[in-house]
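Novice: Turn this into a model:
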Amino acid sequence: MNETTKTEHKPRNPWPYAIIAWFVVFITAMVSWAVVATHNSMDLVRKDYYEEELRHQQQIDRVNRTAQVRQDITVTTDATSLTFKLPTEHATGKPTGEVQFYRPSDASLDKKLALAVNESGLQRIDVSALKGGLWKLRVSWKQGEAEFYFDQSVVLIGKL
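Specialist: Model prediction:
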């Protein structure tokens, strides 16, 4: 009986190859992530961080001082003008400062004016030339050595 023996091919188990492939993909992904992470800039703060922090703290102090007199500040608008009133005790000392009209949707429309209140603390500003819509009125002034800051959103009719 001269029979040739055939060797049977056993099917190979794919799991060892899948596990090796998974580790290769994982290690490649981790190395790629590490390379990308090391090449990204990690500057999360400004170069003048401490000076900016001092300016920010000064702004917080201005807002806190203004909170004590905020109920005495009024803002009224009509079709052509905006009138705001500072507290009377602030108007008598001839405060210096500025009035800013800030347009959140278009910075090119922003407008700054000098603070010029009368003896009773009133200042009337012609806003007929300003575009209608949402504006932020920001008033900063100095009374003696103390600085103050007030802001309020206003909707102006203005021109379209």
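Novice: Name whatever forms a beta bridge with residue 156.
Specialist: Applying DSSP bridges to residue 156 gives these bridge partners: residue 133.
Novice: So what does residue 106 look like in phi/psi?
Specialist: Taking degrees, to the nearest 10, you get phi -160, psi 100 for the backbone angles of residue 106.
Novice: can you count the residues close to it?
Specialist: 9 (other CB atoms under 10 Å). Where C-beta positions appear, they are placed from N, C-alpha and C, glycine not excepted.
Novice: Now for it: which residues touch it?
Specialist: Residue 106 is in contact with residue 131, counting by CB atoms under 8 Å, 6 or more residues apart in numbering.
Novice: Which pLDDT value does the model give it?
Specialist: Residue 106 carries a pLDDT value of 85.
Novice: Pick out the residue closest to the middle of this structure.
Specialist: Nearest to the mean C-alpha position of the chain, by CA atoms, centre = their mean, lies residue 104 at 10.9 Å.
Novice: which intervals of the protein have sub-threshold pLDDT?
Specialist: Scanning the chain with the threshold set as pLDDT under 70 gives 1-7, 42-46, 158-160.
Novice: all helices for it, in order.
Specialist: 15-39, 49-67, 88-91 (DSSP state H).
Novice: Redo these as TSV? Include distance to residue 116 and mean neighbour count.
Specialist: As requested, the helices of the chain are exported to TSV (distance: least, CB to CB, whole Å; neighbours: other CB atoms under 10 Å):
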stretch	distance to residue 116	mean neighbour count
helix 15-39	54	10
helix 49-67	19	12
helix 88-91	11	16
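Novice: Minimum distance to residue 145: which of those has it?
Specialist: In terms of CB to CB, the element of the helices of the chain nearest to residue 145 is helix 49-67, at 10.9 Å.
Novice: Can you give the contact residues for that closest one?
Specialist: Here helix 49-67 makes contact (CB under 8 Å, 6+ apart) with 46, 73, 140, 146-150.
Novice: who are the neighbours in contact with the residue nearest to the centre of the chain?
Specialist: Contact analysis of residue 104 by CB under 8 Å, 6+ apart lists 134, 136.
Novice: any idea how far residue 153 is from it?
Specialist: Applying CB to CB, to the nearest Å, the value for residue 104 to residue 153 is 9 Å.
Novice: Quickly list what's touching both of those two.
Specialist: Looking at what touches both residue 104 and residue 153 (by CB under 8 Å, 6+ apart), the common residues are 134, 136.
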